[in-house]
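>>> take a look and give me a structure for this.
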Amino acid sequence: MQKVKIVKIPKNRAVITKELLLKNLPKAYQERAQRYLDEESSLSYSTGRLLLRKVLFENGLPASLLEEIRYSEQGKPSFIHHNFSISHSNGYVAIIFSTDFSVGIDIERKKTVDLKLFNYLFTEVEWNSILDATDSLERFYWFWVRKEALLKAAGCTLIDLKQLKVFEEYGMYYNKRFYFKSFDFDSNFNGIVAMETKTAIDVEFVEIKDLLEE
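Take a look at the predicted model:
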C-alpha cells in the first residue's frame with residue numbers, strides 16, 4: 001500500500017508565516033522559495049519540501065537526502081533509489097513517496113474554464129469523451145489530473161502530453177503502463193496517483209505544525 005500525505009496551509013498568516021517555514025529548510029531551498037513572486041507559491045513549495053523531509057524520516061532515511069535530489073533531463077525530481085511526487089493547488093500540498101517504483105500525483109481544484117483552450121492537450125479520443133460527457137467540465141478534470149500524474153510518473157514534459165494516453169484504470173506512455181488510483185480529500189478537488197505497480201493507497205492529513213522542528 002502507498003500513502004498519500006496532504007497538508008492544508010492555514011489561511012491565517014498569524015498561524016504560519018513564510019519565514020517560519022523557511023527557517024526549517026536547508027539554505028538552498030530557502031533561496032529557491034524566495035524566488036517565487038507570490039506568497040502562495042512560496043508557501044506551497046516550502047511546505048512540499050518539509051513534507052518530503054517528514055516522509056524521509058518516517059521511512060528511516062536521513063533529512064540530508066533533501067540536498068541530494070537529482071533531476072532528469074525532463075526535470076523529474078527523485079533520489080538515486082527512491083521516487084516521490086509533490087502536487088499543490090489552492091492551499092493544499094500532497095505528496096506520495098515510493099521506495100520501489102515511479103509515482104506521480106496531481107491535485108486540482110475544480111473551477112470553470114474555457115474548454116476549447118485545452119483541446120490541443122488531448123488525443124482525439126480523449127477530447128471526444130470530454131465533449132460527449134453529460135458534464136464536460138467534470139470529465140475534463142477527470143482526464144486532466146490523470147494526464148498530469150502520468151506525466152510526473154513517466155518523467156516526461158508537457159511537450160509529450162499527446163503521447164500520454166489515458167484510459168479508465170491506467171495510462172500509457174509509449175509502451176509503458178501506469179495504473180491510476182483516485183483519492184478523496186475535498187469535494188471541490190480531484191486527486192489522482194499514477195504508479196508503475198497496481199496497489200492500494202491510503203490518505204493521511206498532516207498538520208503543518210508537525211512539519212516544523214522544535
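>>> looking at this, S46 is in a helix?
Yes: according to DSSP: H, G, I helix; E, B strand; the rest coil, S46 belongs to a helix.
>>> please, which helix or strand holds the residue nearest to it when sequence neighbours are not counted?
Excluding the flanking residues, the one nearest S46 by C-beta to C-beta, 6 or more residues apart in numbering is L21, at 4.0 Å. (Glycine included, C-beta is placed from N, CA and C.) If you go by DSSP states H and E, L21 is part of helix 18-22.
>>> hey, what's the residue most central in space within the chain bridged with?
Nearest to the centroid of the C-alpha atoms of the chain, with distances taken as C-alpha atoms, centre = their mean, sits S87, at 2.5 Å. Counting by DSSP bridges, S87 is bridged to A94.
>>> what's the separation between it and N128?
Distance, S87 to N128, using C-beta to C-beta, to the nearest Å: 27 Å.
>>> what does S64 give?
50 Å.
>>> F178 too?
F178 sits 22 Å away from N128, going by C-beta to C-beta.
>>> okay, these two: which has more neighbours?
Set side by side, F178 and N128 show more neighbours around F178, with 26 against 11, by other C-beta atoms under 10 Å.
>>> is the more buried one in a bridge, and if so with what?
G171.
>>> if I read this right, it contacts V193, doesn't it?
No: distance between F178 and V193: 9.5 Å, which falls outside the contact criterion (C-beta atoms under 8 Å).
>>> shared neighbours of the two, anything?
Common contact partners of F178 and V193 (C-beta atoms under 8 Å, 6 or more residues apart in numbering): G104.
>>> okay, now N175: neighbour count?
5.
>>> then V93?
Number of residues near V93 (other C-beta under 10 Å) recorded here: 26.
>>> for M1, see how far away it is.
V93 sits 21 Å away from M1, going by C-beta to C-beta.
>>> quick one: F205 and K8 touch, right?
Yes: contact criterion C-beta under 8 Å: F205 and K8 qualify, at 7.4 Å.
>>> between the two, who's got more neighbours?
Between F205 and K8, counting by other C-beta under 10 Å, K8 is the more crowded of the two (16 against 11).
>>> so the more buried one touches Y92, yeah?
Yes: K8 lies in contact with Y92 (C-beta under 8 Å); the separation is 5.6 Å.
>>> quick one: S136 from D114, how far?
Distance from S136 to D114, by C-beta to C-beta: 11 Å.
>>> what do you get for V7?
When V7 is compared with D114 (using C-beta to C-beta), they lie 31 Å apart.
>>> can you pick out the residue with more neighbours from the two?
V7 (23 against 6).
>>> partner strands of the strand or helix carrying that one, parallel or antiparallel?
Assigned by DSSP H and E, V7 belongs to strand 2-8. Using DSSP bridges, strand 2-8 pairs in its sheet with strand 92-98 (antiparallel), strand 201-206 (parallel).
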